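Colleague: Predicted coordinates and the sequence they were generated for:
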Amino acid sequence: MAHLYIFGTILFTVYGQLIIKWRIPFHGDLPGEAIPKIVFLLKLFFDPFIVSGFAAAFLASLCWMAAMTAFELSYAYPFMGLTFVLVFLASVFLLGEHATGYKIVGLALIVLGIIVTSRG
């Protein structure tokens, strides 16, 4: 049951990253000047989908705190590497981003690292 806290952290984190990346292009490019930049960021902050991404980050934090009551950090933290894998896969399939051989090899190394550290 306690592993659900780790996986809740991962899923909420992945959701937040994807939803923010999905919504940003709807608002255009970040301006170079200070005041327009602040206005731009405030508009982003009031986008309901982006707000849901922030809420997901908050929920991920709550899940992580719960996970820390059940596991050693050295055991639980390597699982956070799964966020890289899931964000990559979702960005390729949902957002149309490019998969390269280097990225795939890197993700394989991350998964190998998770397996090795979770055994120790």
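Modeller: Noted; the coordinates are in hand.
Colleague: Contacts for the helix or strand where residue 76 lies, please.
Modeller: For residue 76, the host element (DSSP states H and E) is helix 73-76. Outside helix 73-76, the residues within contact range by C-beta atoms under 8 Å, 6 or more residues apart in numbering are 6, 67-68, 117-118. No exception for glycine: its C-beta is placed from N, CA and C like everyone else's.
Colleague: for the record, mean pLDDT for that helix?
Modeller: For helix 73-76, the mean pLDDT works out to 90.
Colleague: Give me the buried positions along the next helix or strand after that helix.
Modeller: Once the chain leaves helix 73-76, the next helix or strand it forms, by DSSP H and E, is helix 82-95. For helix 82-95, the neighbour count (16 or more other C-beta atoms under 10 Å) marks 82-88, 90-91 as buried.
Colleague: which residues touch helix 82-95?
Modeller: Outside helix 82-95, the residues within contact range by C-beta under 8 Å, 6+ apart are 10-11, 13-14, 17-18, 21-22, 97-99, 103, 107, 110-111, 114.
Colleague: pLDDT averaged over the host helix or strand of residue 36 - what is it?
Modeller: Element membership for residue 36 (DSSP H and E) is helix 34-45. Taken as a whole, helix 34-45 carries a mean pLDDT of 93.
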